[in-house]
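*Asks:* for reference, the sequence and a predicted model appear below.
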Amino acid sequence: MAASAGPRPGWSRRAQYSLFFSFLAVIAGLIVGLVLLILSLVAPQSYQAVRGAALDVTAPISGGLNEIGSTVTGMVSGAGDYWDAANQNGQLKRDRAALMRRMVEARGILEENRQLKAALQLREQSRVAVAAGRVVGSSFESPRRFAIISVGTSDGVQVGMPVRAPEGLIGRVIDAGSTASRVLLVSDRANIVPARILKGGQPVISTGRGDGTIDVRPLEVGKNPFKAGDIIITSGTGGLYPPLIPIAKVIRLDDDGAIALPIADPSKVSFAIVEPPFEPAALAAAGSPDSEAP
């Protein structure tokens with residue numbers, strides 16, 4: 001007897017039952033399809049009612065599946081939108097940081113242009129300006145207070161000449177090279193400037209403290225003449241510094257004097273002007289080695 005060519009379930013009852021019920025399901029499906037076909041041909045109205053009932057039964061299932069599909073699609077698209085928003089947020093932060101850097105650079109350029117214009121205007125108004133240059137460096141932590149300017153003997157600068165900015169007095173030249181000079185700041189302990197109070201005109205002495213501030217003392221012993229906010233200007237006494245140049249502003253009172261802050265801060269000033277001494281005879285005294293205290 002020839003062996004069957006088709007697959008056999010073997011001796012497993014579960015496989016036999018599965019095959020049997022599969023056959024039944026196929027036959028039932030064929031019967032239901034045939035009945036529906038005959039019903040659609042013989043009684044279209046009844047078939048329409050059957051279709052409506054089937055639609056009523058399957059509509060909730062279709063709606064639920066549709067909601068599930070919409071939810072999954074929304075989650076996928078929402079995740080994509082969140083990722084895009086995160087990328088856009090990062091790009092906006094980078095753009096903002098770049099704009100902030102450009103704004104800082106623009107403000108720096110604007111401030112430098114303002115100082116340059118002020119220096120040029122001061123030089124145009126001053127008939128005795130020797131040279132104008134950039135402040136290329138200054139000391140902050142050292143007890144000696146110096147600044148370096150980008151003009152030297154080739155520009156006519158000599159040791160002892162006063163140096164100022166549009167805001168006020170910076171100091172005087174103590175070393176001069178061909179293209180650069182060292183300036184002793186008014187806040188240095190060795191720099192003593194004859195001065196007076198702008199309001200009232202009382203003569204005072206301005207002496208650097210070596211910490212970025214200035215000590216101002218009256219020439220006459222007695223009542224403290226200073227008030228917070230007083231402006232100290234050069235008096236012209238001694239012949240080195242021209243008169244009426246702002247030096248410092250009083251920030252607090254002392255026992256018989258006051259502590260003042262230089263108006264022309266070298267750390268904030270970009271340009272400086274070198275002028276000849278108020279009286280030419282004072283240049284030799286200012287440039288002598290004895291003029292600078294140790």
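*Replies:* That came in fine, so what should we check first?
*Asks:* all strands of the stretch 151-294 of the chain, in order?
*Replies:* Applying DSSP state E, counting those that start in this stretch to the stretch 151-294 of the chain gives strands spanning 162-164, 169-176, 181-185, 192-197, 203-208, 214-218, 231-234, 246-253, 258-262, 271-274.
*Asks:* equivalent analysis for the stretch 1-150 of the chain, please.
*Replies:* 131-138, 146-149.
*Asks:* of those, which is nearest residue 197?
*Replies:* strand 146-149 (25.7 Å; Cβ to Cβ). In this view, the C-beta of every residue, glycine as well, is placed from N, C-alpha and C.
*Asks:* other SSEs contacting that closest one?
*Replies:* strand 131-138, strand 169-176, strand 181-185, strand 271-274 (3 or more Cβ pairs under 8 Å, 6 or more residues apart in numbering; DSSP states H and E).
*Asks:* can you list the strands that the first one pairs with?
*Replies:* Based on DSSP bridges, the pairing partners of strand 131-138 within the sheet are strand 146-149 (antiparallel), strand 271-274 (antiparallel).
*Asks:* quick one on the thing from earlier: which one of the strands of the stretch 1-150 of the chain is the most hemmed in?
*Replies:* strand 146-149 (a mean of 22; mean count of other Cβ atoms under 10 Å).
*Asks:* residues in contact with that strand?
*Replies:* For strand 146-149, contacts defined as Cβ atoms under 8 Å, 6 or more residues apart in numbering pick out 133-139, 163, 170-171, 174, 180-185, 188, 266, 272, 274.
*Asks:* just to revisit the earlier point, in TSV, list the helices and strands packed on strand 146-149 along with mean pLDDT.
*Replies:* TSV is the format used below for the helices and strands packed on strand 146-149 (pLDDT from 0 to 100):
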stretch	mean pLDDT
strand 131-138	87
strand 169-176	93
strand 181-185	94
strand 271-274	90
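*Asks:* and of the ones you listed, who's closest to residue 34?
*Replies:* Closest among these, using Cβ to Cβ: strand 131-138, at 103.4 Å.
*Asks:* can you give me the angle that closest one makes with strand 169-176?
*Replies:* 90 degrees (axes from the mean of the first three to the mean of the last three Cα atoms, to 10 degrees).
*Asks:* could you dump strand 131-138 to CSV, C-alpha only?
*Replies:* In CSV, the C-alpha atoms belonging to strand 131-138 read as follows (Å, rounded to 0.1, in the frame of the first residue of the first chain):
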residue,chain,number,x,y,z
ALA,A,131,51.9,112.5,21.2
ALA,A,132,48.9,110.2,21.6
GLY,A,133,49.1,106.5,22.0
ARG,A,134,47.4,103.4,23.3
VAL,A,135,47.7,102.2,26.9
VAL,A,136,49.1,98.7,26.3
GLY,A,137,49.4,97.5,29.9
SER,A,138,49.3,98.5,33.6
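*Asks:* which residues are contacting it?
*Replies:* Contacts of strand 131-138 (Cβ under 8 Å, 6+ apart): 119-120, 123, 145-151, 155-157, 165, 170, 180, 185, 266-267, 269-274.
*Asks:* how many residues are close by the residue nearest to residue 158 when sequence neighbours are not counted?
*Replies:* Excluding the flanking residues, the one nearest residue 158 by Cβ to Cβ, 6 or more residues apart in numbering is residue 176, at 6.3 Å. Neighbour count for residue 176, taken as other Cβ atoms under 10 Å: 24.
*Asks:* hang on, residue 279 packs against residue 239?
*Replies:* Yes: counting by Cβ atoms under 8 Å, residue 239 is a contact partner of residue 279 at 3.1 Å.
*Asks:* what residues of stretch 188-208 count as buried?
*Replies:* 188-191, 193-197, 204-208 (16 or more other Cβ atoms under 10 Å).
*Asks:* low pLDDT regions in the stretch 1-150 of the chain?
*Replies:* 1-12, 36-37, 39-40, 42-59, 62-63, 78, 80, 104-127, 140-141 (pLDDT under 70).
*Asks:* can you rerun that using 90?
*Replies:* For the stretch 1-150 of the chain, the stretches with pLDDT under 90 are 1-130, 132-145.
*Asks:* for it, which segments count as helices?
*Replies:* 13-42, 44-125 (DSSP state H, counting those that start in this stretch).
*Asks:* what two of the buried residues of stretch 188-208 have the greatest distance between them?
*Replies:* Going by Cβ to Cβ, the pair spanning the buried residues of stretch 188-208 furthest: 190 and 197, at 23.2 Å.
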